[in-house]
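Chemist: only geometry, no sequence info:
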């Protein structure tokens, strides 16, 4: 099966309320164009140095999602065009995005990354840090970012019980925030969880955005990275 067939198969099996981010990291602009020509417009990258050249080369109606760990000094390169940043894991990062949102006169859509896995390599807020941030004057002053929901990455394990419980904990936190901090907002509505290996479980546990790469594009082509 090729990229187009893989993409169409996954889309045909998804519930209508699920957004599929085709994770194109390490894959060429030519491969992305195959998915684009099949009608897909939502792509995800996890490195700024890969994303910017692809943005420059590819059609401008693509909605680019940034899904990797974002360094503060790289924000300025993507703020003018990024559709959604999934991986905001600190107040300082949020403030920096807000600063460039002001510069480019646009509201930048973000998700707050929550630490749900049992792995030190993962990033994100815990619930206590999150609640403290929402009370912070620095957070309240961020008028050029829009918090649209939460993102989480499950433990890298074949144990589906662990994965399911971690995803469920993210949905529980989302609902808590929806009923409190974001009670009167309509834009706080996204839960980004689930990748190629676990997106079916994620959907069952409440995900609205899944991030799928290898099941669309095949194995990563590290020859295309810079």
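Modeler: Yep, that arrived. Because the structure is a prediction, the values reported are computed rather than measured. Numbers count the residues shown, from 1 in each chain.
Chemist: list the contacts of whichever helix in the chain runs longest.
Modeler: The residue-count maximum for a helix in the chain (DSSP state H) belongs to helix 160-179. Here helix 160-179 makes contact (C-beta atoms under 8 Å, 6 or more residues apart in numbering) with 114, 116-118, 127, 130, 149-150, 152, 154-155, 157, 188, 191, 193-194, 198, 201-202, 204-207. (C-beta placed from N, C-alpha, C; glycine too.)
Chemist: give me the buried subset of these.
Modeler: The neighbour-count test (16 or more other C-beta atoms under 10 Å) marks 114, 116-117, 130, 149-150, 152, 154, 188, 191, 193-194, 198, 201-202, 205-207 as buried among those.
Chemist: those in helices, which ones?
Modeler: The helices, defined by DSSP H, take in 130, 201, 202 from these.
Chemist: quick one: mean pLDDT over the helix or strand encompassing residue 7.
Modeler: Secondary structure from DSSP states H and E places residue 7 in helix 3-13. The average pLDDT within helix 3-13 is 96.
Chemist: the helix or strand following that helix: how far from the chain's middle?
Modeler: Scanning forward in sequence from helix 3-13 by DSSP H and E, the next helix or strand is strand 19-23. Chain-centre distance of strand 19-23: 9 Å, with C-alpha atoms, centre = their mean, to the nearest Å.
Chemist: quick one: residue 208 and residue 194 touch, right?
Modeler: No - at 9.8 Å, residue 208 and residue 194 do not qualify as touching, with contact defined as C-beta atoms under 8 Å.
Chemist: returning to that earlier point: list the contacts of the helix holding residue 7.
Modeler: 1, 20, 22, 31, 34-35, 37-38, 40, 212, 215-218.
Chemist: list the buried residues for it?
Modeler: Buried, per 16+ other C-beta under 10 Å, within helix 3-13: 3, 6, 7, 8, 10.
Chemist: stretch 174-186 now?
Modeler: 174, 177, 182.
Chemist: JSON lines please, covering these and showing pLDDT.
Modeler: Listed next are the buried residues of stretch 174-186 as JSON lines, based on pLDDT from 0 to 100:
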{"residue": "174", "pLDDT": "98"}
{"residue": "177", "pLDDT": "98"}
{"residue": "182", "pLDDT": "98"}
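Chemist: grab the most central residue of the chain for me.
Modeler: With distances taken as C-alpha atoms, centre = their mean, residue 86 lies nearest the centre of the chain, 3.2 Å away.
Chemist: that one: what's it in contact with?
Modeler: Per C-beta under 8 Å, 6+ apart, neighbours of residue 86: 44, 65, 66, 67, 110, 111, 113, 151, 192, 209, 211.
Chemist: ok, the fourth one touching residue 24?
Modeler: No - in terms of C-beta under 8 Å, residue 67 does not count as a neighbour of residue 24; the distance is 10.4 Å.
Chemist: give me the common contacts of the two.
Modeler: 44, 45.
Chemist: which residues of this protein fall in strands?
Modeler: 19-23, 42-45, 63-66, 84-88, 108-114, 145-152, 190-192, 209-212 (DSSP state E).
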